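1. Here's my sequence, what's the structure:
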Amino acid sequence: IPHDPAVLQYIWPEFVGADLSKVSLMEALSKTSFDPTRRTMFIIEGLVYYLPPAAVKQQLTAISETAVRGSRLFFDFMHLDALSGDVFRPELETLLVAVWNKGETMYSGIDRRPEAIRCLLKKFGFKLYELLDAKQISARFHPHVTKWKEYSPHVSPYFGYIAAEKVTAPMKRQETMPASRRR
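-> Numbers count the residues shown, from 1 in each chain. Predicted coordinates:
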């Protein structure tokens, strides 16, 4: 491990917990060592399906306004056809009831077709790097599970995972990083 303090500050990820319905992404990041001139990895897990579609767009817009070319975006999502009821999955009904019993609602799904995901990401200046379905997630991250079970999968078949790279400069920013935080 390098001993140069300028290098050490970027070795470990910095996790940012913020209610983005109450503070902007830039406001949350301004309280960290975030450098808006450097590539950043944005990981949004376990969130997208709990947000209304307009809030999903708002978060992707905020990331697009913040991320420089070469930044990465990772997030999981629920398949739109499953959430909308176009594809019936009894285990999804169980999940939705369990979530509702905890006072939450799953609002958003994303069209899982690769061309639809590419189109969505392009609107925000990202290029699809990788799209994983449940079987691919299982094979990569659960190698101890040697056989996929359609009737009882250990990774819910109505979830997917996206990895994307920012290929454009940041979109017009609505706000800027405070001068005291710029480097």
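
2. Which neighbouring elements make contact with the longest helix seen in the chain?
-> The longest helix of the chain (DSSP state H) is helix 53-66. Packing partners of helix 53-66 (3 or more C-beta pairs under 8 Å, 6 or more residues apart in numbering; DSSP states H and E): helix 25-29. Quick note: C-beta positions are derived from backbone N, CA and C, even for glycine.

3. Tell me the buried residues in the helix it packs on?
-> Leu25, Met26, Ala28, Leu29 (16 or more other C-beta atoms under 10 Å).

4. Which two of those have the greatest separation?
-> The span of the buried residues of helix 25-29, defined through C-beta to C-beta, is set by Met26 and Ala28 at 7.4 Å.

5. what does the helix or strand following the longest helix of the chain rub up against?
-> Sequence order places strand 72-78 as the next helix or strand after helix 53-66, per DSSP states H and E. With contact meaning C-beta atoms under 8 Å, 6 or more residues apart in numbering, strand 72-78 is reached by 39-49, 63, 67, 106, 108-110, 112, 121, 126, 129, 158-166.

6. So what's the gap between strand 72-78 and the chain middle?
-> Chain-centre distance of strand 72-78: 3 Å, with C-alpha atoms, centre = their mean, to the nearest Å.

7. next one: stretch 150-157
-> 22 Å.

8. thinking again about what came up before, so which of the contacts of strand 72-78 sit within strands?
-> 41-44, 126, 129, 159-166 (DSSP state E).

9. Which of the helices and strands in the protein ranks last by mean pLDDT?
-> helix 5-8 (a mean of 64; mean pLDDT, DSSP states H and E).

10. Could you pull up the residues touching the closest residue to Leu51 other than its chain neighbours?
-> Distances taken as C-beta to C-beta, 6 or more residues apart in numbering place Ser108 nearest to Leu51, at 5.6 Å, with adjacent residues excluded. Contact partners of Ser108, counting by C-beta under 8 Å, 6+ apart, are Val48, Tyr49, Tyr50, Leu51, Pro52, Pro53, Ala55, Val56, Phe77, Met78, Leu83.

11. The same query, at a cut-off of 6 Å, please.
-> By C-beta atoms under 6 Å, 6 or more residues apart in numbering, Ser108 lies in contact with Val48, Tyr49, Leu51, Pro53, Val56.

12. so where's this structure uncertain?
-> By pLDDT under 70, the weakly predicted segments of the chain are 1-11, 173-183.

13. who's the residue most central in space within it bridged to?
-> Taking C-alpha atoms, centre = their mean as the criterion, Phe75 is the residue nearest the geometric centre of the chain, at 2.5 Å. According to DSSP bridges, the partner residues bridging Phe75 are Ile44, Ile162.

14. How about Phe126?
-> Lys166.

15. Quick check, it in contact with Ala163.
-> No: look at Phe126 against Ala163 with C-beta atoms under 6 Å: they stay out of range, at 9.8 Å.
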